[in-house]
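Participant: need a structure here:
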Amino acid sequence: MLAADTVYFNEWCKILYLSLQRHAPWAHCHFHVFDATDKDLKWLSKHDCTYTHEVTPTAYATDKDTSVLYWSAARYIRFPEIYADATPCIDLDADSIMVNDLPKDVFLRDLENSWVPTRFKTAKVKSLASAIGFGLDTVRHDFTSRLKEVYDNDRLSWALDQRILDIMLAENKIKPMDMRYTDFRFASGAYIWTGKGDRVNYEIFRRAQEPYRRMI
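Facilitator: Purely as a prediction, here's the structure:
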């Protein structure tokens with residue numbers, strides 16, 4: 001699943017989608033677009049994918065930073081509404097690129113349980129929410145219900161998704177995963193690279209995107 005506002009959809013999602021088609025042609029891709037334009041919907045209707053879209057709520061549409069708070073939570077809150085429980089899926093950050101072939105049997109094996117990539121930060125294991133694998137368990141409901149509880153009763157805040165995932169890791173409610181599906185260090189053996197922060201401007205990342213950029 002790829003979720004983004006109309007800007008990120010056009011800047012990043014289309015490229016990621018085309019790379020997924022090349023390296024995992026068996027995979028289904030669903031887009032969820034915030035504040036989609038007619039042009040966005042027309043493009044989606046012409047490609048081999050499914051899509052949903054929504055308008056950012058007024059309370060979170062005052063400025064870009066506030067909207068991002070909503071989008072970063074809603075991309076997961078919408079997940080159980082879009083996918084059946086028996087459907088394994090990875091929710092990817094839009095500014096990612098697939099760089100190696102992923103066999104279907106490997107994907108299915110990796111998604112037997114839900115996971116989140118982790119890394120050591122300040123001597124602790126921390127989640128990296130640029131990719132979350134939702135497997136054949138109840139993690140998608142547990143995670144999204146925790147997000148929705150904050151949305152319904154409080155105010156969304158930066159890195160809420162990662163704080164919740166860190167708690168779930170400590171509770172052994174979600175499995176840790178290595179960086180193979182979201183490598184911000186651009187390892188040659190990873191399936192997917194993510195342009196975390198200013199890494200989207202690194203030459204190696206831009207070079208991987210270039211063949212697909214010319215296809216749009």
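Participant: show me where this protein has strands.
Facilitator: In the chain, the strands defined using DSSP state E lie at 2-5, 30-34, 50-54, 89-92, 96-98, 115-121, 124-127, 131-134, 175-177, 192-194.
Participant: what comes up buried for the helix or strand bottoming out on mean pLDDT in the chain?
Facilitator: Across the helices and strands of the chain, mean confidence by mean pLDDT, DSSP states H and E is lowest for strand 124-127: a mean of 87. The neighbour-count check on strand 124-127 (16 or more other C-beta atoms under 10 Å) flags 126-127 as buried. C-beta here means a position set from N, CA and C on the backbone, and glycine is covered the same way.
Participant: what lines up beside that strand in the sheet?
Facilitator: Strand pairing for strand 124-127, determined by DSSP bridges: strand 115-121 (antiparallel).
Participant: for the chain, which segments are assigned as helices?
Facilitator: 6-8, 14-23, 38-45, 64-77, 79-82, 104-110, 139-153, 160-170, 203-213 (DSSP state H).
Participant: return the most buried member of the ones you listed.
Facilitator: The highest average neighbour count among the helices of the chain, using mean count of other C-beta atoms under 10 Å, belongs to helix 14-23 at a mean of 20.
Participant: which elements pack onto it?
Facilitator: strand 96-98, helix 203-213 (3 or more C-beta pairs under 8 Å, 6 or more residues apart in numbering; DSSP states H and E).
Participant: quick one: residues contacting the spatially closest residue to Tyr8 that is not a sequence neighbour.
Facilitator: Distance criterion C-beta to C-beta, 6 or more residues apart in numbering; nearest residue to Tyr8, sequence neighbours excluded, is Ala94 at 4.5 Å. The neighbourhood of Ala94, defined by C-beta atoms under 8 Å, 6 or more residues apart in numbering, consists of 2-4, 8-9, 11-13, 16.
Participant: let's see 10 Å
Facilitator: 2-5, 7-9, 11-17, 31, 75, 130, 194-195 (C-beta atoms under 10 Å, 6 or more residues apart in numbering).
Participant: and the gap between it and Pro80?
Facilitator: Distance from Ala94 to Pro80, counting by C-beta to C-beta, to the nearest Å: 20 Å.
Participant: how many neighbours does Ile132 have?
Facilitator: 29 (other C-beta atoms under 10 Å).
Participant: tell me if I'm right that it and Ile90 touch.
Facilitator: Yes: contact criterion C-beta atoms under 10 Å: Ile132 and Ile90 qualify, at 7.0 Å.
Participant: shared neighbours, these two?
Facilitator: What both Ile132 and Ile90 touch, as defined by C-beta under 10 Å, 6+ apart, is the set 1, 115, 181-182.
Participant: would you turn those into CSV with pLDDT, distance to Asp48 and neighbour count?
Facilitator: As requested, the shared contacts of Ile132 and Ile90 are arranged in CSV below (pLDDT from 0 to 100; distance: C-beta to C-beta, whole Å; neighbours: other C-beta atoms under 10 Å):
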residue, pLDDT, distance to Asp48, neighbour count
Met1, 97, 15, 21
Trp115, 98, 27, 23
Tyr181, 98, 22, 25
Thr182, 97, 23, 25
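Participant: pipe the residues you listed into CSV and attach distance to Tyr60 per row.
Facilitator: Shown next, in CSV, are the shared contacts of Ile132 and Ile90 (distance: C-beta to C-beta, whole Å):
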residue, distance to Tyr60
Met1, 20
Trp115, 29
Tyr181, 28
Thr182, 26
